[in-house]
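1. sequence and predicted structure below; questions after.
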Amino acid sequence: EQITVFAAASLRNALEEVGNTWAENTGHRLRYSFAGSSALARQVEAGAPADLIILANEAWMDHLDGQRLLQQDSRVDLLGNALALIGPAGAAPLDLGPGIIERLGDGRMAMALINAVPAGIYGKAALETLGLWQEIALQVAQTDNVRAALALVALGEAPLGIVYHSDVLAEPRVQQLARFPSDSHPAILYPAALTVDSRSEAAADLLEHLQSPIAKEVFLRHGFTIPSE
Amino acid sequence: MSISINLHHQFPELTLDVDFDAPAGVTALFGASGSGKTTVVNAVAGLLQPDRGRISVAGTALLDTSAGLRLPPHKRRIGYVFQEGRLFPHLSVQQNLRYGRWFAGLRGPSQAEDHLVEMLGLGALLNRRPGDLSGGEKQRVAIGRALLSEPRLLLMDEPLAALDGPRKAEILPYLERLRDETQVPILYVSHAISEIARLATTVAVMERGQLRKAGPTGDILADPSLAHAIGLRDTGALLTGRVVAHHMDGLSELAAGGGKLFLPKVPNALGEQLRVRISAKDVMLSRDRPVGISALNILDCEVSEIRPGRGPGAFVRLKAGADHILARVTKRSVNALGLAPGLSCYAVIKSVSVARADVGADVGTEASSDHA
Amino acid sequence: MSISINLHHQFPELTLDVDFDAPAGVTALFGASGSGKTTVVNAVAGLLQPDRGRISVAGTALLDTSAGLRLPPHKRRIGYVFQEGRLFPHLSVQQNLRYGRWFAGLRGPSQAEDHLVEMLGLGALLNRRPGDLSGGEKQRVAIGRALLSEPRLLLMDEPLAALDGPRKAEILPYLERLRDETQVPILYVSHAISEIARLATTVAVMERGQLRKAGPTGDILADPSLAHAIGLRDTGALLTGRVVAHHMDGLSELAAGGGKLFLPKVPNALGEQLRVRISAKDVMLSRDRPVGISALNILDCEVSEIRPGRGPGAFVRLKAGADHILARVTKRSVNALGLAPGLSCYAVIKSVSVARADVGADVGTEASSDHA
Amino acid sequence: MQFLSPEEWTAVALSLRVAFWATLLALPLAIAVAWWLARREFWGKQLLNGLVHLPLILPPVVTGYLLLLTFGRRAPAGAWLEETFGLIFAFRWTGAALAAGIMGFPLMVRAIRLAIEAVDPKLEEAASTLGASRAWVFVTVTLPLILPGVIAGTLLGFAKAMGEFGATITFVSNIPGETQTLPSAIYAFLQVPGGEASALRLVVISVVIAMTALLLSETLARRAAKRVSGR
Amino acid sequence: MQFLSPEEWTAVALSLRVAFWATLLALPLAIAVAWWLARREFWGKQLLNGLVHLPLILPPVVTGYLLLLTFGRRAPAGAWLEETFGLIFAFRWTGAALAAGIMGFPLMVRAIRLAIEAVDPKLEEAASTLGASRAWVFVTVTLPLILPGVIAGTLLGFAKAMGEFGATITFVSNIPGETQTLPSAIYAFLQVPGGEASALRLVVISVVIAMTALLLSETLARRAAKRVSGR
Ligand SMILES: Nc1ncnc2c1ncn2[C@@H]1O[C@H](COP(=O)(O)OP(=O)(O)OP(=O)(O)O)[C@@H](O)[C@H]1O
Ligand SMILES: Nc1ncnc2c1ncn2[C@@H]1O[C@H](COP(=O)(O)OP(=O)(O)OP(=O)(O)O)[C@@H](O)[C@H]1O
Ligand code: MOO
Ligand SMILES: [Mg+2]
Ligand SMILES: [Mg+2]
């Protein structure tokens, strides 16, 4: 049986690892489409042939839910993530306080779009919680996705950036300076669900498997967290 | 009538107003630069949409604005030799030549093509492209292209202007034959009276967009009142003669103007009718029959009219047999010889002053009305 | 020497080989279509890079491949009237005219400009664009554009071919004056012998890329061995005459050929030297002095040579005073009159057969070598 | 070959297929539209002109979104096409070709239109007097003369089609073997940690393909231009 | 006006500024490059040609990334420009203009090159015989004759500059008032559910601006073409 999974682009490495093993073991064929969450959600709305969708954005999943495009009760919060404050490799660790402003100097804080892309939304909320947003707001350089923010720091264009914890691991040119406390921002969740159009038993099986301990181990290795029920 | 043209068109700085009918054969458009000749030809081709007008060829209307008829150019079956060549740069000479044939439904090589290629001296150029041709070569290809499409009307806008004398002399007989053998009417624009005299059945003289006068070639060229429009040097009479002998010394003898006319050998058979243009300036007058003189042609004439010009010259119209001859002499000679209407005298014409180009097969206006 | 041209260039199908020097004045290039005239002119302009060659104008080398000198076109200070106009479509007629002046460092309107505009009949066209002009109008603008840049060498490639007779007649005197008053040498391509006879100091006859012969105009045009290249009708002698009287009846009297020559009024002052072309075909011969005849010009001559052609005609070379005259008559007349070298006879020439275009201010080869 | 994974090869092949069909099918339409815009006056000309340029002006994501709204399976045009012709664009490579074709369309039209405007109407007139109808004039005179422009336009269209990403991924998503073109694959690699090297490899492939097409088109255009110059 | 928020107006103004400067500064270079490619043979011609087309072929994100690698403040060229001319692209609207200019460059060059290739060299020859040096021939003959092509190229460049998003946001990110152009703003709206209406408003603005430019360019081009036709 062929299953089509629409998933947020940032999940690619981890999801392929888990999914491919599962496919080998079960004999099903897996087809992925990795893109931005908003694009995927709109495509599902437009009748995309997806069986399982995993977004990096709760709002879009809520939107699909509201349109009754998800199988009832299939939605789960599959993964979580943490926010990291990063700087170039070799930079000294930093406290999440006014030190940030000092370190920033007249440089830029690289973040994803603060009103549109989840990582940016969470980052802004965290800074607000920490009471730093007002001072930093004017120095934020927003990118269309988290990876671009990471690149700005990696290339030394921005002294600081806010990205997901999972993004930091494979980039040797950056280093995590601090981790934002999970209560400083709304929970970062990657919801998953089966689409109403999907008649696939295997898809439900896969969704099940993604929550298995073996899968969790892989996700953790890639820097994601597992949301506590 | 074979071609009938009635046109009215308003340019910002010129009003075109033309109305004439012409029998089959060659109709020459003559006029100063900018007088509207090309404009008329374009209207006939369908490339210019005149404000008002009616154009018909051999009874078929090509344009009739009052009836709302405007045949598109490609349905007019015309062959147009443009003033500026307009060869297709992306096609070889041969492909250019064959372009129109294809649309006329004529496929494959033809005898006509071989013949034309030879006559126009294009044999060595067939695989070249227009960009590599000299000015005259281009024009020759353009002529061939128009002829090969076997049109029902040929438009030629100064087709020979870019050619040298010998080449002109080679092409003219072909156009003549075209005129006489096929019944394709030709609208011919030229500044060269020798071409017009030789080819044209009808001449239309244009002046600043208006038709000055139209009529049979003989009448127009011999009309002293048009001498200024046509050029003093080019005014002259057309004589019609019959070949009576070809002499051993390379001269042909014609019966014309009530006497004998010796010309450098003409290709026509005995008994054939020819037309010969005698430029007024080449005619000398004598009261007595001259003797011991190199001019072979001495015609017995009667002065019918003397028309002094503004300058030192005068036109003398003479009756020679059934024909008319025009002579241009100085007023001084008119006085010295005491010329006056009614007087008889001799017209002296040198054989060699009648150019090859001035001798052509006759196409009478009577004959041509058969085609109408 | 004023212009010196030595060229060798290989086209795929034509080898160009030209080598001649010409004194100041007008050098005419004459030859059949495709003989390489435009190619020579282009090389002089710098638009064609010949394989080998040397070109110099009034002592200044424009090209010398052996010395590695190839002056770019814009530094050659030439005025080029192209065979096909090449007006700038985006500029008005006036802007076209002034284009070259600007680069020649000549700013603002000039008398020369007003004069030229009038002479070329461009007054009403100044604000028009080339696209709206007739063929002849375009060519007139092209001539004006080249002249106004005050070049040190004028190249004219069949500049008058697209013009009608009257317009030609108007422009020729201007070119003459240009030749005589300014010392701008002119390289002039034309098919029209009357233009060449009138303008050219030197004629270079080309044949299939090769120089057939070059020399003073009088010699070339009267050379019976070139008669076929030049055209039988156009061969003729150049006479030099001095104006001795302007008569009341519109005739001017010249002393030429050892006698009197009456011509339609010439604009020259008494005493001035003129050159007059007498076409061989317009000369009639008589053993006895003819009387009672309309021809006013009867010159006393001596036959110096008879050259029978292949056809019915023969050239008769005559000595008339210090000059030579060429006559073309039929062999039959040669026999009838019993002409033979040494014999004396009369050359009869009609005044009106000497066209305005055939009379021009004299430019002797002696005079011109001053400029060299 | 080891250089690329099978999946990457699939993306290369798909990109080529998409760009090829997009260009091929858009070309006749582009020529027709360019001719209309260059040689005809008609009501709504500026509207058509604007419409043609739209994909150039809009951010590609918007174009993709509009395509989704028009040709999605639930959308009127999409549903109609599926019913009538069995033609499905949504989430198929055909959709990627549609997106690529539309994105390249303004570039093709512009190049071809410029070429048409440079053709001397006098040559077309000459052809018409020789009996060629308007269509034949176009085929035998105009088209050969504009060939360099057509080639340039085709190349621009092809290059754009090879590089198009925003509209494609928004419209037909990023399904390997079906809609994952080279740029989509590059994008996907850039979204995950450590994907840069892989992305770079694909970029190199892209560039090589496009440069080959460019060289080819230059050679063709030069040959065509030589013909047109009449030499 | 109520239709747009002040921040959105800022984005409109910035987009106009970016597109204007991008087009204006790229134009002379585009003309020069087009002329070289059209009229000269030189070593590395195909290399230059390929380089010019690169932004068309690469996914915009890659172009943006390459710009960052070249003109970032830490990058060699960027550092040199900053030191020598005090010219900073990173995170500045100037960088947005650079990105927009580069993305539009191939389109400009192509249009202008086609126009140059259509100019009859015989007219240029005629000008040179009248004393015009190569540069003057270009200014007085070639340039006026290619004006319709230059206008077409300018419009394409401008339209592309107005619509460019991928390279811009990657290179200079999105800073309201500094680098947030219309397409960035549109993109941001499209990322959140229900943002379509807001995006649509901005799209309408984009389209209106681009259509105005289009109409203007058509009028100018028509006038220029009329001149060039010699009427
Ligand atoms: N499209 C046009 N708009 C305005 N005037 C025009 C147009 N076409 C031609 N004319 C004018 O009409 C007149 C006649 O032009 P036409 O080309 O018919 O002359 P022509 O008799 O063929 O001259 P030539 O012997 O020099 O070729 C000219 O004065 C020309 O300037
Ligand atoms: N670029 C070229 N390549 C090959 N052959 C050429 C080229 N240019 C000219 N020719 C050939 O050279 C010959 C001379 O051409 P040219 O234009 O000089 O002739 P021309 O004497 O000016 O003729 P016309 O009186 O017809 O204008 C012609 O046969 C022409 O076909
Ligand atoms: O910015 Mo684009 O033009 O995605 O392809
Ligand atoms: Mg004309
Ligand atoms: Mg020539």
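-> Okay, I see it. Only a predicted model underlies this, so the values are computations on that prediction, with no experimental measurement involved. Ligands and ions are numbered 1, 2, ... in the order given.
2. closest residue of chain A to ligand 2?
-> Distances between chain A and ligand 2 by Cβ to the nearest ligand atom are smallest at residue A:155, namely 56.0 Å. All C-beta spots, glycine's among them, are computed from the backbone N, C-alpha and C.
3. now do the contacts for that residue.
-> Residues near residue A:155 by Cβ atoms under 8 Å, 6 or more residues apart in numbering or on different chains: A:173, E:68, E:69, E:72, E:74, E:75.
4. rerun that using 6 Å as the cut-off
-> By Cβ atoms under 6 Å, 6 or more residues apart in numbering or on different chains, the residues touching residue A:155 are E:68, E:72.
5. kindly report the same for the one 4 residues further on.
-> Under the criterion of Cβ under 6 Å, 6+ apart, the contact partners of residue A:159 comprise residue A:107.
6. any stretches of chain D with poor pLDDT?
-> For chain D, residues meeting the criterion pLDDT under 70 lie at D:1-2, D:230-231.
7. same thing with chain A?
-> Counting by pLDDT under 70, chain A shows low-confidence ranges at A:229.
8. residue nearest the centroid of it?
-> By Cα atoms, centre = their mean, chain A has its centre lying nearest to residue A:56, at 4.7 Å.
9. distance from stretch B:78-97 to the middle of the chain?
-> Between the centre of stretch B:78-97 and the centre of its chain there are 23 Å (Cα atoms, centre = their mean, to the nearest Å).
10. go on, stretch B:281-293?
-> Taking Cα atoms, centre = their mean, the mean C-alpha location of stretch B:281-293 is offset from the chain mean by 29 Å.
11. and residue B:274, helix, strand or coil?
-> At residue B:274 the chain is in strand, as set by DSSP: H, G, I helix; E, B strand; the rest coil.
12. tell me what it is bridged to.
-> According to DSSP bridges, the residues that bridge with residue B:274 are residue B:241, residue B:361.
13. give me the neighbour count for it.
-> Neighbour count of residue B:274, defined by other Cβ atoms under 10 Å in any protein chain shown: 21.
14. residue A:161 and ligand 3, how far apart?
-> Residue A:161 sits 24 Å away from ligand 3, going by Cβ to the nearest ligand atom, to the nearest Å.
15. now that residue: phi and psi?
-> phi -160, psi 160 (degrees, to the nearest 10).
16. residue contacts, it?
-> By Cβ under 6 Å, 6+ apart, the contact set of residue A:161 is A:86, A:110, A:149, A:153.
17. at 7 Å instead, please
-> A:86, A:109, A:110, A:111, A:149, A:150, A:152, A:153 (Cβ atoms under 7 Å, 6 or more residues apart in numbering or on different chains).
18. same deal with residue D:154?
-> Counted by Cβ under 7 Å, 6+ apart, residue D:154 has contacts D:23, D:27, D:108, D:217.
19. show me the contacts for the closest residue to residue B:262 other than its chain neighbours.
-> Of all residues not flanking residue B:262 in the chain, residue B:296 sits nearest, at 4.2 Å (Cβ to Cβ, 6 or more residues apart in numbering or on different chains). Neighbour list for residue B:296: B:262, B:351, C:330, C:332, C:333 [criterion: Cβ under 7 Å, 6+ apart].
20. likewise residue B:7?
-> Counting by Cβ under 7 Å, 6+ apart, residue B:7 touches B:16, B:18, B:40, B:43, B:50, B:53.
21. again, only this time at 10 Å
-> For residue B:7, the contacting residues are B:16-20, B:36, B:39-40, B:43-44, B:48, B:50-55, B:63, B:65, B:209, B:211, by Cβ atoms under 10 Å, 6 or more residues apart in numbering or on different chains.
22. you'd agree it is in a strand?
-> Yes - assigned with three-state DSSP, residue B:7 falls within a strand.
23. and it, what are its bridge partners?
-> residue B:18, residue B:53.
24. just the element for the residue lying closest to residue B:222 once chain neighbours are set aside, please.
-> The spatially closest residue to residue B:222, leaving aside those adjacent along the chain, is residue B:237, at 4.4 Å (Cβ to Cβ, 6+ apart). Element membership for residue B:237 (DSSP states H and E) is strand B:236-246.
25. buried residues in that strand, which are they?
-> B:236, B:237, B:238, B:239, B:240, B:241, B:242, B:243, B:246 (16 or more other Cβ atoms under 10 Å in any protein chain shown).
26. find me the pLDDT at the third one, would you?
-> Just to be clear, that refers to residue B:238. On pLDDT, residue B:238 comes in at 79.
27. pretty sure it is touching residue B:273, no?
-> No - using Cβ atoms under 10 Å, residue B:238 is not in contact with residue B:273; the gap is 12.0 Å.
28. could you point out the longest helix in chain B?
-> For chain B, the longest helix by residue count, based on DSSP state H, is helix B:165-181.
29. hmm, that helix in reach of chain C?
-> Yes - Helix B:165-181 lies within reach of chain C by Cβ under 10 Å from any Cβ of the partner chain, at B:165, B:166, B:167, B:168, B:169.
30. and which of the residues you listed is nearest residue A:22?
-> If you rank the residues of helix B:165-181 next to chain C by distance to residue A:22 using Cβ to Cβ, residue B:167 comes first, at 88.6 Å.
31. rewinding a little: ramachandran coordinates for the residue nearest to the residue nearest to the centre of chain A when sequence neighbours are not counted?
-> Among residues not flanking residue A:56 along the chain, residue A:8 sits closest, at 3.6 Å (Cβ to Cβ, 6+ apart). With angles defined as degrees, to the nearest 10, residue A:8 sits at phi -60, psi 140.
32. thanks again, I'm all set now.
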